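Colleague: please work out how this folds:
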Amino acid sequence: MEEKIKVIEENCGTKPIDEEFIEIGNDPNFVFQNDPNFESLRLFDVDNNIVNVNSWIECAHYVSGGWGRNSTTTLSGDLIYLFIVVGITITYSVIRLYLKKLSKYEN
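Modeller: Below you'll find the predicted structure:
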């Protein structure tokens with residue numbers, strides 16, 4: 001539990017004195033109350049979904065469920081494919097232009 005609190009405080013900040021850490025679990029009826037003294041944070045999960053939290057207890061709940069402040073964004077396969085195609089097209093165009101100018105000077 002001590003390690004869990006350490007991870008929560010790294011992501012959410014120091015636990016407020018008047019705040020009690022409770023295990024909410026998957027209670028669909030639980031409603032988080034906004035804390036005007038808590039600066040909203042954006043948390044990410046492993047699939048890069050985003051949630052904005054507005055209280056320390058809400059942040060602690062999500063962080064204990066595996067969410068964190070750091071995005072795990074990586075380049076998707078489609079974006080890598082696009083860069084490769086664009087790179088090959090530009091390289092082909094530059095080489096073709098160079099060869100055209102070279103043949104013009106030889107004639």
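
Colleague: show me what contacts Phe32?
Modeller: For Phe32, the contacting residues are Val53, Asn54, Ser55, Ile57, Glu58, His61, by C-beta atoms under 8 Å, 6 or more residues apart in numbering. Quick note: C-beta positions are derived from backbone N, CA and C, even for glycine.

Colleague: quick one: residues contacting Val94.
Modeller: Val94 neighbours (C-beta under 8 Å, 6+ apart): none.

Colleague: buried ones among the contacts of Phe32?
Modeller: In terms of neighbour count (16 or more other C-beta atoms under 10 Å), the buried residues within the contacts of Phe32 are Val53, Ser55, Ile57, Glu58, His61.

Colleague: now the residues you listed as TSV including pLDDT, secondary structure and distance to Glu106?
Modeller: Listed next are these as TSV, based on pLDDT from 0 to 100; DSSP: H, G, I helix; E, B strand; the rest coil; distance: C-beta to C-beta, whole Å:
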residue	pLDDT	secondary structure	distance to Glu106
Val53	96	strand	68
Ser55	94	coil	74
Ile57	92	helix	76
Glu58	94	helix	72
His61	92	helix	73
